[in-house]
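Enquirer: for reference, the sequence and a predicted model appear below.
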Amino acid sequence: MQVNDTNKNRRSHFALAIGCFLLQVMLSPNIGMEYGRINFAMIYAGVYALAVGGRRAVVAGFLSGLLCDALSTGPLGVMGCLFTIMCYALGLEERNRFSDGFVSSLSAFGVGAFLVFVFYHIALSMLGESASLIDILIRRVLPSFALTFVCFLPFAYYQVRKSVGMRGKHAGSKNAGLRENYYDIRNL
Amino acid sequence: MPTMPSMPTGHSRSSTSKLMRKETGGGAGLLTMVLVIISLVLFTFNVGETKGGLLTSVSGLVQTVVTPLRVAGAHIAAPFVGMTNVMRNLTADEKTLTELIEENEKLHARNVELEEAEVTARQLQELLDLRNSYNLQSSAAHVIAGSTDSWVSSVTLDKGSSSGFVVGMPVTDSSGAVGQVIACSATSSTVRLLTDEASSVAAMIQSTRAQGMLEGSPDGTMHLSFIRTDQTVNVGDIVVTSGLGGVFPKGLPLGKVSVVDRSPGSTYYSIVVDPYARVENLEEVLVITSLTEGQQATAEDIESSDAADREAASGVAESIEDDEAEEDEDTGSKIDGEADAGQENGEDAEAVEGYVSPYSTQGEEE
């Protein structure tokens, strides 16, 4: 449900997309731990799915995943598929889940990101990229997940602050509940 | 602020939201399935695709487009990469560090060795290029020592008569002629450099073909002599070997004219030449073992050189004659003076006849 889907929000999501794209291209290949790399495309997909959700989040996830595939040496479509599913799962409620709080949004993203990394590396190992499961888990999945999760923290913090601030504004005014219902219906 | 519409009273807020969510959520599910299928199709095609397929090309295109950003990113991230290394180094044990230090020393030495080899290879390649471009019959040699005394500007090569070297052979490096072999032992030979005071080589201005003699000097500069003042010489003109004398091949670069001086009444220019060859940094050289017919001066060159000498000599004779005539007029003894002048002119004419061409001298020297 899009409660605050104003032009300002669209602009901020667009800026987030550009920022994450630049970070993915410029920073991600150069900063790593073991074989792990920060996945800013996943961070963008996660933030968008948790903040907006719904069909748009699914499309955003699909496109981010495809871009991630195109920028990596892996086959095209794996990240696209996994990001699509992750965004669908995270955005299933179609509301701003950052308003549930910092820990809640972190745990939702953490589970989703970890599963995506596990399945992605298993898929690549099936294609012969790596033979050892321990190697996959210790040297690839966990470092990638840890780095991506740490980098997700400031994004999540910003989104939580933003959503709490907005809720506070509405709570402080008269007829806040009525106004929310009005926006809910208008945005259907 | 928009006017608030009247709200339906039969539904609560939460039940309305749930209803909406169910409708749109179904759409998202369907879309997800479609996109997942598309992803899997892409994946299947991409995996089965041979090199140069459509999807591989698309991926390659994306990689190409983002390459400038990646390069910029590498510069930006350089300090962070350094920090990662610092963290890794802090956790390294003593044994690893010792091994790394030893390996670093070995690699450092190896690196210096390889850099030297690269420089040598480049120099040899340049020599090879020179050899090919001038079609020189030559042999490469390595400079093993500089001048053994302070009087002769020379270098010593690591090859001698056992390699076919003989006294008189010209020596070049990649930038042009550097000197001539003056002594040969079985395993080494000494080369007198062009900058040596006793050195001389037949040379000409490349653009005007004015021929002269390039000589060394004690101060290390080179002077081009016997270029007549009625010929054109400019600063920056290139000086090459003329091939006269049959020692140096014709057309080898020698240097560039840096100073041109024309004294009043002088028959020849005073020309200073800046040599191309950096004789103080010589390492690898070519010793020219024989000349082909095309590398020697042609009959026309020799003829033009002789003609120039004759003109110069007659110019000198006329000048002397004029001076003597003026002298006689001043003294007033016309009859005696004429007789004296005739006698002296005869002596001068003998001197002119006995004038020796610098090239023949140079030929003898060479």
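Expert: Arrived safely. Every value quoted in this text rests on a predicted model; they were computed, and no experiment measured them.

Enquirer: measure B:Met204 to B:Asp274 for me?
Expert: Per Cβ to Cβ, to the nearest Å, B:Met204 is found 16 Å from B:Asp274. In this view, the C-beta of every residue, glycine as well, is placed from N, C-alpha and C.

Enquirer: between these two, which one's more packed in?
Expert: Each of B:Met204 and B:Asp274 has its neighbours counted (other Cβ atoms under 10 Å in any protein chain shown); B:Met204 has more, 27 against 15.

Enquirer: ok but that one is inside a helix, no?
Expert: No. B:Met204 is assigned strand when assessed by DSSP: H, G, I helix; E, B strand; the rest coil, not a helix.

Enquirer: who's it bridged to?
Expert: B:Gln211, B:Val240 (DSSP bridges).

Enquirer: need the contact list for it.
Expert: For B:Met204, the contacting residues are B:210-212, B:239-242, by Cβ atoms under 8 Å, 6 or more residues apart in numbering or on different chains.

Enquirer: which residue sits closest to the residue in chain B that chain A sits nearest to, ignoring its sequence neighbours?
Expert: In chain B, the residue found nearest to chain A is B:Gly73; the distance is 2.7 Å by Cβ to the nearest Cβ. With Cβ to Cβ, 6 or more residues apart in numbering or on different chains as the criterion, B:Gly73 has its nearest non-adjacent residue at 2.7 Å, and that residue is A:Met26.

Enquirer: wait, that neighbour sits on B:His75?
Expert: No. Counting by Cβ atoms under 8 Å, A:Met26 does not reach B:His75; the two are 9.3 Å apart.

Enquirer: more neighbours, those two?
Expert: Taking neighbours as other Cβ under 10 Å, A:Met26 and B:His75 compare with A:Met26 leading, 21 against 10.

Enquirer: would B:Val260 count as being in a strand?
Expert: Yes. Per three-state DSSP, B:Val260 lies within a strand segment.

Enquirer: quick check: bridge partners of it?
Expert: B:Ile271.

Enquirer: check contacts around it.
Expert: Contacts for B:Val260 (Cβ under 8 Å, 6+ apart) come out as B:233-235, B:269-271.

Enquirer: pick out the most distant pair among the residues you listed.
Expert: Across those, no pair lies farther apart than B:Asn234 and B:Ser270, at 14.4 Å, counting by Cβ to Cβ.

Enquirer: helices and strands around whichever strand or helix holds B:Thr98, which ones?
Expert: Element membership for B:Thr98 (DSSP states H and E) is helix B:94-134. Contact here means 3 or more Cβ pairs under 8 Å, 6 or more residues apart in numbering or on different chains; DSSP states H and E; on that basis helix B:94-134 packs against strand B:137-145, strand B:170-173, strand B:284-290.

Enquirer: circling back: give me the pLDDT value at the residue of chain B closest to chain A.
Expert: The model reports B:Gly73 with a pLDDT of 85.

Enquirer: repeat for B:Asp219
Expert: The per-residue pLDDT of B:Asp219 was computed as 76.

Enquirer: for burial, what's the neighbour tally of it?
Expert: B:Asp219 has 7 neighbouring residues, counting by other Cβ under 10 Å.

Enquirer: can you check A:Gly80 too?
Expert: Neighbourhood size, A:Gly80 [other Cβ under 10 Å]: 26.

Enquirer: surely it touches B:Thr32?
Expert: No. Counting by Cβ under 8 Å, B:Thr32 is not a contact partner of A:Gly80; they are 11.6 Å apart.

Enquirer: which residues are common contacts for those two?
Expert: Applying Cβ under 8 Å, 6+ apart, one finds that no residue jointly contacts A:Gly80 and B:Thr32.

Enquirer: which single residue of chain A ends up nearest chain B?
Expert: Using Cβ to the nearest Cβ, the single residue of chain A nearest to chain B is A:Met26, 2.7 Å away.

Enquirer: which residues does stretch A:64-79 contact?
Expert: A:20-21, A:24-25, A:39, A:41-42, A:44-45, A:80-84, A:116, A:120, A:123-124, A:127, A:129, B:38-44, B:46-47, B:55, B:58-59, B:62-63, B:66.

Enquirer: now the helices for the stretch 201-350 of chain B?
Expert: Ranges of helices within the stretch 201-350 of chain B are B:299-331, B:334-353, based on DSSP state H, counting those that start in this stretch.

Enquirer: mind listing what the residue nearest to B:Ala183 when sequence neighbours are not counted touches?
Expert: Once flanking residues are discounted, B:Ala183 sits nearest to B:Thr190: 4.1 Å by Cβ to Cβ, 6+ apart. Counting by Cβ under 8 Å, 6+ apart, B:Thr190 touches B:148, B:154-157, B:181-184.

Enquirer: next one: the helix or strand hosting B:Thr190 to chain centre, how far?
Expert: B:Thr190 is located in strand B:189-193, with elements delineated by DSSP H and E. Centroid separation for strand B:189-193 versus its chain: 22 Å, with Cα atoms, centre = their mean, to the nearest Å.
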